[in-house]
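> predicted coordinates and the sequence they were generated for:
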Amino acid sequence: MSDPLPRIEPDRLVHEPARLAILVILSAVEEADFLFLLEQTGMTKGNLSSHTARLEAARYIEIEKTIVGKTTRTVYRLTDAGAHALALYRDHMTGVLELLN
Amino acid sequence: MSDKFDDGALDEMGLRARAAGYRDGLLELFAAGVLGSLAVSWLVGPGSAGILAAMWVLYGWKLVDRIRERIIYPRIGYYKERADDSKDSTRGMLAFIAGSFALMALVVIVTGGATDAAEWRRAAPLVSGVTIAAGFRYAAVRSKMARHNAIAAWSAVSGGLAWWVGTGESYSYVGWHLLGVAIPLAIVGAWTLTNFLQHHPVADGE
């Protein structure tokens, strides 16, 4: 018997709300630093670090450390793969919600 | 952060990040500097004031960048705005500018002054009014901030007022119109920046 509903298998890496927020914010700007992401998401430093590390490992974002004055600035950018994954996820979820409605 | 998928909330989150550059009031202060220096050079004639205006237009944004680096980024973090290279925005701005000249021509023709040079000079503030309004309307579309729409509306209305009370003896009413927009802009910018600094203390480092 065929499955009446398509299998719902969203990208687990993007599906996590904190990581989804990071990707959405980075898709809205060219690049942003750690403090900006912290302010925009309201996460703790430890949480943000671990989520950005997972996104970097998946090559969804790239991280660059620069020195500005006497401080280190960690800058984050969405990669093409990250932008594609985010677009795909949103399409997927919107499709699923339409189907359920 | 909600666990439920909400596409509208995601759009809102992206919009808030994109609008971060409009929260500090520096855009208004920069625009006030440009329009104010242009107004002074317009009213007192080119010369030192003209050089000041040109310098502000050329280097003012670099000054804004340095201020952001020193006092804004340590509070809310560093971000670089995504460049808007959409053809729709360029077309929209060009249409607004062309429309402002068309409006001036229409007003002059309708009031029966097409052959009178004074009537064309009198209607010139309509061009500055609509052009500045277009700029702030564009800012409002990106920032979704009501104050940008209010500035756009004030620019258009004050341009109309300058035309209404103008005599057409010279182009000086364009200068008065620019000043009439620059002063409220400076007040709004200074108030917004003060408010922003009060509500955003310098954050701990990374």
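Thanks, I have it.
> how about low-confidence regions in the chain?
I'll assume chain A. A:1-8 (pLDDT under 70).
> my question was about chain B
B:1-5, B:46-49, B:84-86, B:206.
> for chain B, what are the nearby residues on chain A?
Taking CB under 8 Å from any CB of the partner chain as the test, the list of chain A residues beside chain B reads A:17-18, A:20-21, A:24-25, A:27-42, A:45, A:68, A:71-75, A:90, A:93-94, A:97. Just so you know, the C-beta spots here come from the backbone N, C-alpha and C atoms, and that holds for glycine as well.
> out of these, which sit inside strands?
A:29-33, A:68, A:71-75 (DSSP state E).
> got JSON lines for those residues, with neighbour count and distance to B:A118 too?
JSON lines is the format used below for these (neighbours: other CB atoms under 10 Å in any protein chain shown; distance: CB to CB, whole Å):
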{"residue": "A:V29", "neighbour count": "23", "distance to B:A118": "50"}
{"residue": "A:E30", "neighbour count": "13", "distance to B:A118": "49"}
{"residue": "A:E31", "neighbour count": "18", "distance to B:A118": "53"}
{"residue": "A:A32", "neighbour count": "26", "distance to B:A118": "53"}
{"residue": "A:D33", "neighbour count": "23", "distance to B:A118": "56"}
{"residue": "A:V68", "neighbour count": "13", "distance to B:A118": "56"}
{"residue": "A:T71", "neighbour count": "10", "distance to B:A118": "60"}
{"residue": "A:T72", "neighbour count": "13", "distance to B:A118": "63"}
{"residue": "A:R73", "neighbour count": "18", "distance to B:A118": "57"}
{"residue": "A:T74", "neighbour count": "17", "distance to B:A118": "61"}
{"residue": "A:V75", "neighbour count": "19", "distance to B:A118": "57"}
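> these two touch, right, B:L197 and B:I71?
Yes: the pair B:L197 / B:I71 is scored as a contact, 7.2 Å apart, by CB atoms under 8 Å.
> which stretches of the chain form helices?
The chain I'm using is chain A. Using DSSP state H, the helices of chain A run over residues A:12-15, A:17-28, A:34-41, A:45-57, A:80-100.
> ah, I was thinking of chain B
Under DSSP H, chain B gives helices at B:7-18, B:26-44, B:48-67, B:73-76, B:87-110, B:117-143, B:146-165, B:172-199.
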